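S.K.: give me a 3D structure for the following:
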Amino acid sequence: MRVAIVINTSWNIWNFRRNLVRALQAAGHEVLAMAPPDAYSERLETELGCRYVPIPMENKGTNPVKDAQLTKRFYDAYRRHRPDVVLHYTIKPNIYGTLAARLAGIPSVNNVSGLGTAFIVQNLVSRIVLGLYRFAFRFPKRVFFQNDDDRQLFLQHQLVRREITDLLPGSGIDVEKLRPDPQAPVRHEPFVFLMIARVLYEKGVEEYFEAARQVRAAVPGTRFQLLGGIDESGGVGVKRVVFDEWLRAGNVEYLGTSDDVPAHILQADCVVLPSYREGTPKTLLEAAALGKPVVTTDVPGCRETVVDGQNGYLCQVRSADDLAAKMLQVLRLPDAELRRMGQASRHLAETKFDERLVLDKYLRTVAEFGRR
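M.R.: Got it, this is the predicted structure:
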């Protein structure tokens with residue numbers, strides 16, 4: 001069958017769906033990669049063997065005229081390339097791609113990988129988004145959620161029928177490829193905390209900077225790193241001038257972006273994500289697979305990655321003070337306890353987040369619903 005994977009960036013397909021593409025190809029399917037063009041688009045063809053189909057898309061905002069045009073672009077692409085099933089990810093493909101697939105008579109499968117700002121901030125835009133979900137989600141054959149809190153929220157708001165919903169352990173993680181380094185020290189000197197996220201307020205980046213200041217005041221020399229892109233669009237990102245001011249305080253090292261996130265995780269002692277809400281963060285799954293303790297917020301999507309006190313600690317959302325307290329707990333653990341916590345992370349990755357669970361479920365779903 002011909003399977004289309006539709007996401008808001010080519011980078012997203014390359015970083016998060018690469019093994020799904022390979023699993024579909026190994027099962028004999030042709031894969032179309034549909035996304036806006038970026039630096040990774042060519043790699044989808046040359047290195048993954050997909051057929052790349054560019055779909056211009058604005059990821060922010062809900063302009064009715066532009067959204068109608070986007071629905072038509074999806075429809076035209078589906079009619080032209082005639083996939084047997086479409087796999088949608090991220091908000092706009094989930095909504096407008098689903099409507100286009102319905103009009104084109106092609107079955108679709110959606111993945112809600114996180115609810116984003118519309119579900120964190122309650123306003124007119126969030127009400128519009130809920131209405132759009134309620135209309136569009138009448139049509140997919142299956143809707144996957146990455147945590148049960150998100151699924152229950154959709155059911156509570158009557159956005160989707162229960163019988164078409166299912167759960168996935170996030171994007172899963174390749175536990176065979178990602179393994180702890182047996183030669184690595186139990187802890188680095190000085191101790192290294194690493195946050196991996198775009199520089200957005202909703203990721204908890206402001207709380208991370210303040211917590212870093214508090215921890216370094218208690219334990220001078222402790223290192224704090226931040227890996228992720230700056231995104232000033234849409235009013236949710238930290239402005240560059242503000243971010244530069246935070247950096248000048250000297251408590252956090254900014255690493256920019258990287259194509260090799262696991263390499264940075266291996267050089268850290270603990271991975272931190274004080275996000276306000278997630279689907280299931282891939283970076284925390286990578287940290288777990290690599291045997292690192294985790295500190296994250298007790299919110300949907302994040303709490304699934306930590307058994308509190310076993311492989312890390314859960315902290316209060318939007319609380320720099322509690323985040324600092326939990327990081328100090330990790331920092332002050334004896335070596336034996338720190339090692340045990342890392343081993344518990346690895347065990348959780350192997351038993352709960354192995355990506356084979358995700359790939360098998362997608363292969364079965366494509367086989368069940370794909371148009372023949």
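
S.K.: next one, pLDDT for G61 please.
M.R.: pLDDT, G61: 63.

S.K.: got it, and the one 3 residues further on?
M.R.: Per-residue pLDDT puts P64 at 69.

S.K.: cool, R179 as well?
M.R.: For R179, the predicted pLDDT is 97.

S.K.: right, and it touches E286 too?
M.R.: No: in terms of C-beta atoms under 8 Å, R179 does not count as a neighbour of E286; the distance is 11.2 Å. No exception for glycine: its C-beta is placed from N, CA and C like everyone else's.

S.K.: comparing these two, which shows the higher neighbour count?
M.R.: Per other C-beta atoms under 10 Å, whichever of R179 and E286 has more neighbours is E286, with 22 against 15.

S.K.: thought that one was touching A263?
M.R.: No: counting by C-beta under 8 Å, E286 stays clear of A263, with 10.7 Å between them.

S.K.: look up how far R339 lies from G131.
M.R.: Distance of G131 to R339, given as C-beta to C-beta, to the nearest Å: 50 Å.

S.K.: who has more neighbours out of those two?
M.R.: The neighbour count for G131 versus R339, taken as other C-beta under 10 Å, is higher for R339 (15 against 12).

S.K.: all helices of the stretch 1-150 of the chain, in order?
M.R.: 10-16, 18-26, 41-46, 64-81, 91-92, 98-104, 117-120, 124-136, 148-156 (DSSP state H, counting those that start in this stretch).

S.K.: buried residues in the longest one, which are they?
M.R.: Of the residues in helix 64-81, 67, 70-71, 73-75, 77-78 count as buried by neighbour count, 16 or more other C-beta atoms under 10 Å.

S.K.: what's the answer for stretch 288-295, then?
M.R.: Across stretch 288-295, burial judged by 16+ other C-beta under 10 Å covers 288-295.

S.K.: first to last residue in that stretch, what's the distance?
M.R.: 11 Å (C-alpha to C-alpha, to the nearest Å).

S.K.: run the chain-centre distance for that stretch.
M.R.: In terms of C-alpha atoms, centre = their mean, to the nearest Å, the centre of stretch 288-295 is found 16 Å from the chain centre.

S.K.: and what of stretch 176-183?
M.R.: 22 Å.

S.K.: quick check: pLDDT value at T117.
M.R.: pLDDT, T117: 58.

S.K.: do S113 as well
M.R.: The per-residue pLDDT reported for S113 equals 84.

S.K.: with R277 instead?
M.R.: If you check R277, the pLDDT there is 89.

S.K.: that one: how many residues sit nearby?
M.R.: Close neighbours of R277, defined as other C-beta under 10 Å, add up to 22.

S.K.: quick check: phi and psi on the closest residue in space to it that isn't next to it in sequence?
M.R.: In space, and not counting its chain neighbours, R277 is closest to V299: 5.2 Å by C-beta to C-beta, 6 or more residues apart in numbering. Here the main-chain torsion angles of V299 (degrees, to the nearest 10) amount to phi -130, psi 160.

S.K.: would you mind measuring from V299 to V317?
M.R.: For V299 relative to V317 (C-beta to C-beta), the value is 5 Å.

S.K.: over to K282?
M.R.: For K282 relative to V317 (C-beta to C-beta), the value is 20 Å.

S.K.: residues touching L323, list them.
M.R.: Shown in contact with L323 (C-beta atoms under 8 Å, 6 or more residues apart in numbering): 204, 207-208, 211, 272, 274, 295, 315-316.

S.K.: and of those residues, the nearest to R22?
M.R.: When those are compared for distance to R22 (C-beta to C-beta), V272 wins out at 30.9 Å.

S.K.: where does the stretch 251-372 of the chain dip in pLDDT?
M.R.: Along the stretch 251-372 of the chain, the parts satisfying pLDDT under 70 run over 371-372.

S.K.: how close does the nearest residue to Y75 once chain neighbours are set aside sit to M57?
M.R.: Among residues not flanking Y75 along the chain, A100 sits closest, at 4.0 Å (C-beta to C-beta, 6+ apart). Distance of A100 to M57, given as C-beta to C-beta: 12 Å.
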